[in-house]
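*Asks:* for reference, the sequence and a predicted model appear below.
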Amino acid sequence: MIKHGRKWMVAGLILMSLPLLAQEKPEVWNLKSCIDYARERNIQIRKSRLALEESVESRQEAKAQRLPSLAFSSSHNYVNRPCIEVGDKNTYSGSYDLNSSVTLYQGGRLKKNLQQMDLQNQVQELAIEESEDNIELAITQAFLQLLYAHEAVKINENTVEVSQAQRNRGRELMNAGSLSQADFAQLESQYTSDKYQLVVAQNALVDARLDLKQLLELGIGDSMQLAIPELSDEDVLVALPTKENVYLAALGIRPEVKYNQLNIKIAGVEKEKAWAGYLPSLRLSAGVGTNHLSGNPWGSQMKHNWSENVGLTLSVPIFSNRSNKTAVNLAKLNIEYAELNYENVQKDLLKSIENVYQAAVSAQERYRSAQENLRAVELSFSLTQEQFFLGMKNTLEMLTEQNNLLSARLESVQAKYMAVLNIQLLNFYQGKDIVVE
């Protein structure tokens, strides 16, 4: 049923949907501020709120159908009889009627229609919740992708600094006769290649920032200063809940599960409305009216022609060309469709949770391996670079270790953010706030 204070809720939704009343843009954007801002500004969410307003209006109309109607009508006629020999050639007449009617019984159709509208409003409320959840997921993915791109730029900047230092040191060794020109050319080529990879990483950062800005409905001139969180190993390697517990929690809170349950109820009410077509209906009507004709005193005519009427109309369906039976059968099929959709959404939810859970487990294992590999590669690169400048390693060996170091760093960062993303998704399915800080 519609909750108390629904009108105030709708009024609030109208205000929230107005761009001019949107919250101010934060100076520094973290994940929470991005999600809060998007929930207010996102176009799809605002459309869902408008859909709820339409549904509430339809419910009010359905409720009003139980009240009496009232209508006033008046007609006026002027008649010209050019060939008449006796009497007035021109006559004028007028009538005035006030009528009211109300449906007393219609097989419970009006009551069931109102009940159906109440359920539909609840579905629209859940649709808003689902839109907010969808944008929260999209924002989380885009935000973490932006964090990864930002860290990738830092890693490539560090690599360029190392390559530049190696190139400069190589030039000194070449000038001193300790390094061949061919080896120096390799160092120069590596430096150029690393600068190019930095440009690629910077472009990826720009694209990631643009994706997030578009989700936030920010304009082309809006700047975005990102709050970079400090993620520790504890944040990445946090203990995971069991997928069974996540699934059970999701079944109780996910809006797509709830509104598919409601759709089964709506289909059931539709069936009851279809059955009402077999039942009689009773309608009460009443009215008052008067009329007048030219040629006689207007006032006395209005008084003497005054009339009142009241009546009951009973309609009993006998044969409806199978329309009632078809309506009932179609309603039964809609119930089966709704039940199948409910089963399907549960299966889809289970599949999504299993995929996210497995991805989280894999990402954590990948991060552990990447961290171990990174420590080993950092040590190997440090020793190889030292030996290279002592003439104990050739240029190819040193550059190979440098590229291995870059790959190990990027692999570690990628595994870290994949793990954090899937951990947050598991929190999301359990109804917990998504927080990355």
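*Replies:* Alright, I've got the coordinates. Numbering: from 1, shown residues only.

*Asks:* ok, Val377 to Leu67 distance?
*Replies:* Val377 sits 79 Å away from Leu67, going by C-beta to C-beta, to the nearest Å. (Glycine included, C-beta is placed from N, CA and C.)

*Asks:* again, but for Leu240
*Replies:* Taken as C-beta to C-beta, the span from Leu240 to Leu67 is 57 Å.

*Asks:* tell me the buried residues in stretch 95-104?
*Replies:* 96-97, 101, 103 (16 or more other C-beta atoms under 10 Å).

*Asks:* higher neighbour count, Val377 and Leu67?
*Replies:* Between Val377 and Leu67, counted using other C-beta atoms under 10 Å, Val377 has the larger neighbour count: 20 against 9.

*Asks:* which stretches of the stretch 201-350 of the chain form helices?
*Replies:* With DSSP state H, counting those that start in this stretch as the definition, the stretch 201-350 of the chain shows helices at residue ranges 233-236, 243-253, 255-275, 298-304, 323-389.

*Asks:* any idea which of the ones you listed is most buried?
*Replies:* Ranked by mean neighbour count, the helices of the stretch 201-350 of the chain are led by helix 255-275 with a mean of 19 (mean count of other C-beta atoms under 10 Å).

*Asks:* residues touching Glu27, list them.
*Replies:* Contacts for Glu27 were tallied using C-beta atoms under 8 Å, 6 or more residues apart in numbering; they are Gln225.

*Asks:* and the gap between it and Ser323?
*Replies:* Applying C-beta to C-beta to Glu27 and Ser323 gives a distance of 64 Å.

*Asks:* Gln402 too?
*Replies:* 80 Å.

*Asks:* can you check Val345 too?
*Replies:* On the measure of C-beta to C-beta, Val345 and Ser323 end up 32 Å apart.

*Asks:* with Ser69 instead?
*Replies:* With C-beta to C-beta as the criterion, Ser69 and Ser323 are 25 Å apart.

*Asks:* how far away is the nearest residue to Lys89 once chain neighbours are set aside from Asn291?
*Replies:* In space, and not counting its chain neighbours, Lys89 is closest to Arg81: 5.0 Å by C-beta to C-beta, 6 or more residues apart in numbering. Distance from Arg81 to Asn291, counting by C-beta to C-beta: 19 Å.

*Asks:* Glu308 against Val288, yeah?
*Replies:* Yes. Using C-beta atoms under 8 Å, Glu308 is in contact with Val288, at 5.0 Å.

*Asks:* of the two, who's got more company?
*Replies:* Val288 (14 against 9).

*Asks:* the helix or strand containing Ser73: how far from the chain's middle?
*Replies:* Using DSSP states H and E, Ser73 sits in strand 69-80. Computed by C-alpha atoms, centre = their mean, to the nearest Å, the chain-centroid distance of strand 69-80 equals 52 Å.

*Asks:* what about the strands in the protein?
*Replies:* Listed in chain order, the strands of the chain (DSSP state E) span 28-29, 69-80, 90-105, 225-226, 281-293, 307-315.

*Asks:* any idea which of the ones you listed gets closest to Glu365?
*Replies:* strand 225-226 (28.6 Å; C-beta to C-beta).

*Asks:* which other helices and strands contact the closest one?
*Replies:* On a contact count with 3 or more C-beta pairs under 8 Å, 6 or more residues apart in numbering; DSSP states H and E, strand 225-226 meets strand 28-29, helix 109-175.

*Asks:* can you say which of these is packed in most?
*Replies:* A comparison of the helices and strands packed on strand 225-226 by mean neighbour count, using mean count of other C-beta under 10 Å, puts helix 109-175 on top with a mean of 19.

*Asks:* report the angle between that one and helix 255-275.
*Replies:* 160 degrees (axes from the mean of the first three to the mean of the last three C-alpha atoms, to 10 degrees).

*Asks:* need the mean per-residue confidence for helix 109-175.
*Replies:* Helix 109-175 carries an average pLDDT of 92.

*Asks:* now it, how far from the centre of its chain.
*Replies:* 15 Å.

*Asks:* ok, the spatially most central residue of the chain - contacts?
*Replies:* Nearest residue to the geometric centre of the chain (C-alpha atoms, centre = their mean): Ser131, 1.8 Å. Taking C-beta under 8 Å, 6+ apart, we find Ser131 in contact with 42, 44-45, 47-48.

*Asks:* ok, now how distant is it from Leu379?
*Replies:* Separation of Ser131 from Leu379 (C-beta to C-beta) stands at 50 Å.

*Asks:* my read is that Tyr357 contacts Val246, right?
*Replies:* Yes. Using C-beta under 8 Å, Tyr357 is in contact with Val246, at 6.8 Å.

*Asks:* overlap of the contact sets of the two?
*Replies:* Common neighbours of Tyr357 and Val246 (criterion: C-beta under 8 Å, 6+ apart): Leu426.

*Asks:* which residues are contacting stretch 403-415?
*Replies:* 148, 151-152, 155-156, 159, 194, 197, 363, 366-367, 369-371, 373-374, 377-378, 380-381.

*Asks:* what comes up buried for it?
*Replies:* The neighbour-count check on stretch 403-415 (16+ other C-beta under 10 Å) flags 404-406, 408-415 as buried.

*Asks:* want to throw those residues into a markdown table with distance to Lys393?
*Replies:* Listed next are those as a markdown table, based on distance: C-beta to C-beta, whole Å:
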| residue | distance to Lys393 |
| --- | --- |
| Asn404 | 14 |
| Leu405 | 14 |
| Leu406 | 18 |
| Ala408 | 19 |
| Arg409 | 21 |
| Leu410 | 24 |
| Glu411 | 24 |
| Ser412 | 25 |
| Val413 | 27 |
| Gln414 | 29 |
| Ala415 | 29 |
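
*Asks:* quick one: which of those is nearest to Ile228?
*Replies:* Proximity of those to Ile228 (C-beta to C-beta) peaks at Val413, which lies at 12.6 Å.

*Asks:* what's near enough to touch the closest residue to Ser315 other than its chain neighbours?
*Replies:* Nearest non-adjacent residue to Ser315, counting by C-beta to C-beta, 6+ apart: Ser281, 4.8 Å away. When contacts are counted by C-beta under 8 Å, 6+ apart, Ser281 touches 103, 105-107, 314-315.

*Asks:* please pick the buried ones from those.
*Replies:* Among these, those buried by neighbour count (16+ other C-beta under 10 Å) are 103, 106-107.

*Asks:* take those and write them to CSV, including distance to Glu54.
*Replies:* Compiled in CSV, these are given as follows (distance: C-beta to C-beta, whole Å):
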residue, distance to Glu54
Thr103, 25
Gln106, 25
Gly107, 27
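
*Asks:* nearest to Leu350 among those residues?
*Replies:* Of the buried ones among the contacts of Ser281, the one sitting nearest to Leu350 (C-beta to C-beta) turns out to be Gly107, at 41.1 Å.

*Asks:* perfect, that will be all.
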